[in-house]
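**Student:** Here is the input, now give the coordinates:
(one chain, ligands or ions: 1)
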Amino acid sequence: MALSRLDNLYRQVILDHTAHPHNKGTLDGATSQIELNNPTCGDVIQLHLQIKDNIIEEVRFDGHGCSISMASASMMTEAIKGKTEKEAIEVIAAFLELVQGEDVPNKRILGDAQMLSGVAKFPARIKCATLAWKALERGILEEHQKDQTSK
Ligand code: ZN
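**Tutor:** As a prediction, the model looks like this:
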């Protein structure tokens, strides 16, 4: 496939996620709620997680911001729903490497989020793309701290 056509395909997938975000909204019974913002762009994300027995059973995001931040959040929820916390941490690491322009052998685990690899060419947008993923990382860490204090 010609590079320009591939770029168009990527753009289309990103636009679809922006226009019809997956898992957007709030979650009753969330075990973790994290809000993060990216002041350089004005993106705000609230992430709601329902984690049980180390599995991310449900995830929703809410907030507002640029297309990249919203599309990335939508893609992230798709990539990590139903995963164990350990798997989710691997997915986060793969995504952070991808948007830094690194070669990611296991990028398939990212699903549609693979389409955001082009962000690496626009360093100012990397924070937009990673916002939801950083929120997820924080949510998982908080969940672990809770586990340790309750034991
Ligand atoms: Zn942004």
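**Student:** Please identify the residues of the protein in proximity to the ion?
**Tutor:** Within the chain, the residues that sit near the ion (CB under 5 Å from the ion) are 41, 43, 65-66, 69, 128. Heads up, the C-betas are built off the backbone N, CA and C, glycines and all.
**Student:** Which of those residues fall in strands?
**Tutor:** Under the assignment DSSP state E, the residues of the chain next to the ion contribute D43 to strands.
**Student:** Name the nearest residue to K121, sequence neighbours excluded.
**Tutor:** Spatially, and ignoring its direct neighbours in sequence, K121 is nearest to G101 (7.6 Å; CB to CB, 6 or more residues apart in numbering).
**Student:** Can you name the next helix or strand after the helix or strand bottoming out on mean pLDDT in the chain?
**Tutor:** Of the helices and strands making up the chain, the lowest-confidence element is helix 3-19, at a mean of 85, by mean pLDDT, DSSP states H and E. With elements assigned by DSSP states H and E, the helix or strand that comes after helix 3-19 is strand 32-38.
**Student:** okay, M1: pLDDT?
**Tutor:** Per-residue pLDDT puts M1 at 47.
**Student:** before we move on, the earlier item: surely the residue nearest to K121 is within a strand?
**Tutor:** No: applying DSSP: H, G, I helix; E, B strand; the rest coil, one finds G101 to be coil, outside a strand.
**Student:** contacting residues around it?
**Tutor:** 117, 120-121 (CB atoms under 8 Å, 6 or more residues apart in numbering).
**Student:** if I look at it, how far off is A120?
**Tutor:** 3 Å (CB to CB, to the nearest Å).
**Student:** again with T130
**Tutor:** Between T130 and A120 the computed distance is 11 Å (CB to CB).
**Student:** Comparing those two, which shows the higher neighbour count?
**Tutor:** A direct count of neighbours by other CB atoms under 10 Å for T130 and A120 places T130 higher, at 25 against 16.
**Student:** So which other helices or strands are in contact with the host helix or strand of the more buried one?
**Tutor:** Element membership for T130 (DSSP H and E) is helix 126-150. When contacts are defined as 3 or more CB pairs under 8 Å, 6 or more residues apart in numbering; DSSP states H and E, helix 126-150 packs onto strand 32-38, strand 43-52, strand 55-64, helix 67-80, helix 85-99.
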